[in-house]
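Undergrad: Next comes the sequence, and after it the predicted model I'd like to discuss.
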Amino acid sequence: MAVYLHADSSKCSGCKACLVACSLAKFGVNNPKKARLAIIPKFPAPGIFEVKTCTNCGTCAEVCPVDAVKINEKGAYYIDPNECIACMACVKECPEQVIFTHPDYPVPFECDLCGACVEVCGPGVLWIE
Ligand code: SF4
Ligand code: SF4
């Protein structure tokens with residue numbers, strides 16, 4: 001069974017600390033728009049958030065035409081920027097919509113199970129197993 005980043009959305013307060021931690025860990029900037037997980041507010045319900053994470057389903061690796069999606073030592077899929085041709089097939093096909101893009105970065109990016117988000121989440125929404 002795949003190891004992946006689990007989320008219990010019922011505990012999420014929507015504080016976005018995980019998104020900040022992710023962008024800091026992976027890009028060295030405080031910018032939730034560069035995070036590799038997503039917090040979706042469920043308006044109009046107040047205080048309800050859905051946390052979207054990579055479930056390691058492997059679809060991104062299957063659809064990549066140049067085999068740029070690889071598996072790291074933790075068992076997580078990641079995009080090798082040296083091989084990616086930015087065709088966006090993986091972005092389109094990810095069932096969880098957790099492959100992200102940003103104008104500052106030429107290729108898409110996804111969670112590689114670094115765990116930075118887990119460490120900062122006060123309510124214990126996130127865990128890796
Ligand atoms: S990024 Fe999306 S398609 Fe790739 S393994 Fe994770 S959930 Fe599946
Ligand atoms: S955007 Fe890059 S990683 Fe994604 S499918 Fe295309 S070549 Fe592969």
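TA: That came in fine, so what should we check first? On a predicted model such as this, the values are computed, not experimentally measured, just so you know. Numbers count the residues shown, from 1 in each chain. Ligands and ions are numbered 1, 2, ... in the order given.

Undergrad: got a list of what Val69 touches?
TA: Counting by Cβ atoms under 8 Å, 6 or more residues apart in numbering, Val69 touches Cys60, Ala61, Tyr77, Tyr78, Ile79, Asp80, Cys90. Where C-beta positions appear, they are placed from N, C-alpha and C, glycine not excepted.

Undergrad: can you rerun that using 10 Å?
TA: 58-63, 77-80, 83-84, 89-90, 99, 108, 110 (Cβ atoms under 10 Å, 6 or more residues apart in numbering).

Undergrad: can you check Pro65 too?
TA: Ile85, Cys87, Ala89, Cys90.

Undergrad: For the nearest residue to the second one once chain neighbours are set aside, give me the pLDDT.
TA: Spatial nearest neighbour of Cys87, chain neighbours left out: Pro65 (6.4 Å); criterion: Cβ to Cβ, 6 or more residues apart in numbering. For Pro65, the model assigns a pLDDT of 98.

Undergrad: before we move on, what about Pro103?
TA: For Pro103, pLDDT reads 96.

Undergrad: Skip the chain neighbours and tell me the closest residue to Ala89.
TA: What sits nearest to Ala89 in space, not counting adjacent residues and going by Cβ to Cβ, 6+ apart, is Val63, at 4.7 Å.

Undergrad: The one you found reaches Pro95, doesn't it?
TA: No. Counting by Cβ atoms under 10 Å, Val63 does not reach Pro95; the two are 11.2 Å apart.

Undergrad: which residues does the residue positioned nearest the centre of the chain contact?
TA: Taking Cα atoms, centre = their mean, the centroid of the chain lies closest to Arg36, which sits 2.9 Å from it. Arg36 is in contact with 5, 18-19, 22-23, 25-27, 53-54, 78, 98-100, 109-114, 116-117, counting by Cβ under 10 Å, 6+ apart.
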